[in-house]
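J.: Fold the following, please.
(one chain, ligands or ions: 1)
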Amino acid sequence: MTQMQNVVMSETKSEVVAQNKPQQGGGYISISRNILKNLEINGGEGQRVVNGLIESMRASSPTHTSLSQDQTSWILHHPSALDMFDQIMEASRGKQIVMFLDYDGTLSPIVEDPDRAYMSNSMRKTLRKLARSFPTAIVTGRCKDKVYNFVRLEELYYAGSHGLDIKGPSRSSKYIKNRKAETLIFQPASQFLPMIDEAYQKLVDETKSIPGSLVENNKFCVSVHFRCVDEKKWSELAHQVKSVLKNYPKLRLTQGRKVLEIRPNIKWDKGTALEFLLESLGLANCNDFFPIYIGDDQSDEDAFKKLRDRGQGCGILVSKFPKKTSASYSLQEPNEVMDFLQRLVEWKKVSMRARPWMLMCT
Ligand SMILES: O=P(O)(O)OC[C@H]1O[C@H](O[C@H]2O[C@H](CO)[C@@H](O)[C@H](O)[C@H]2O)[C@H](O)[C@@H](O)[C@@H]1O
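T.: Modelled structure (predicted):
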């Protein structure tokens, strides 16, 4: 391994198994969502709800190995964005491409220690070029400052805490014409800050007895990681999280990759953040733009769905295995994301050479 920390190789498949396990009334995800919905809205119904949460956590255990959906049929429905590159570019013809990128699992490989989820230098170089070619935003569950420390590019938009903390580029890019965007700062849940801080502290205290658990303060949301927790302890952890949350009906619980995420119970997610950013770019009400959103996690589904509902652009899911998704295309891992972004930059260069007048409309 060349990374500073071992990249987690085995987990994705099992998570996907969980999400595709067929159940009455829909796939695993919908059942899991109902469970979470209960937790969110009613504050839960005691043991039954906690059991549901544990089941959902357990379903992503590495001991589950069989896939319920055939890889070949899934890839037919979600073909590789690299294989479909020309078709995607054809669909964007005459439109301004706008790039939205998730961070963990998309720009950086999944690792055990969230503080060491470094992005490679070649990915950084690629991103820099990308931002010179198209307006580019990072949309992440991480707190904005933390993700900025990993990415370190001033020319990007950053939407941290699942879009609850948005900031425009501090260095201008020739492709960002809306000068107001450069001073953009938006925090739709700032009144939740004291509550989140308090809940964070309580979650730290409550879960400290569980070896391997890690509570991360992402400013407008809190992540309780269980990637390094022995599966036998997941039930205890779920109980602890639930017992803290019952005192915070204004917070809701969602689940990502081996992580429980606690956030304000407001209608704001990566999808609404995407819409907000398009608006800030002055693009929301016109048709001549083409948003591309690339992400790997459950929270990215809100953005994929938003694009589908608007009938604009496309979503690309980063996954090696079949997953229920609203994205149209797939890429297997961050290295493929980098290849795709590099091709975009090249494509832009070539089309500028061929049609320099295009500079007028990009
Ligand atoms: O929206 P994202 O950028 O994908 O952020 C979602 C969560 O990402 C991070 O956790 C995930 O990546 C870690 C590092 O690879 C991994 O250890 C963990 O298991 C994953 O869930 C981040 O640490 C969380 O705070 C984000 O909510």
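
J.: For the stretch 51-200 of the chain, list the residues in contact with the ligand, please.
T.: Residues of the stretch 51-200 of the chain lying close to the ligand by Cβ under 6 Å from any ligand atom are 102-105, 110-112, 114, 117, 140-142. Glycine gets a C-beta too; all of them are placed from N, C-alpha and C.

J.: mind listing what residue 126 touches?
T.: Residue 126 sits next to 338, 341-342, 345 when contact means Cβ atoms under 8 Å, 6 or more residues apart in numbering.

J.: what's the distance between it and the ligand?
T.: 17 Å (Cβ to the nearest ligand atom, to the nearest Å).

J.: do residue 355 as well
T.: Taken as Cβ to the nearest ligand atom, the span from residue 355 to the ligand is 35 Å.

J.: Tell me how far that residue lies from residue 93.
T.: From residue 355 across to residue 93, the span is 11 Å (Cβ to Cβ, to the nearest Å).

J.: So if I had to pick from these two, which one is more boxed in?
T.: Set residue 355 next to residue 93 and count neighbours by other Cβ atoms under 10 Å: residue 355 wins out with 11 against 8.

J.: ok, residue 306 - contacts?
T.: 271-272, 274-275.

J.: For it, which three-state class applies?
T.: Put simply, residue 306 is helix when judged by DSSP: H, G, I helix; E, B strand; the rest coil.

J.: can you give me the helices in this structure?
T.: 11-20, 28-42, 46-58, 71-77, 85-91, 121-133, 144-151, 193-207, 234-245, 270-280, 301-310, 334-354 (DSSP state H).

J.: Show the pLDDT at the closest residue to residue 344 other than its chain neighbours.
T.: Excluding its sequence neighbours, the residue lying closest to residue 344 (Cβ to Cβ, 6 or more residues apart in numbering) is residue 130, at 6.5 Å. pLDDT for residue 130: 98.

J.: Equivalent analysis for residue 50, please.
T.: So, for residue 50, pLDDT stands at 77.

J.: hang on, it packs against residue 239?
T.: Yes - between residue 50 and residue 239 there is a contact at 5.6 Å, judged by Cβ atoms under 8 Å.

J.: ok, those two, which is more surrounded?
T.: residue 50 (20 against 15).

J.: Against residue 95, how distant is the more buried one?
T.: From residue 50 to residue 95 the distance is 47 Å (Cβ to Cβ).
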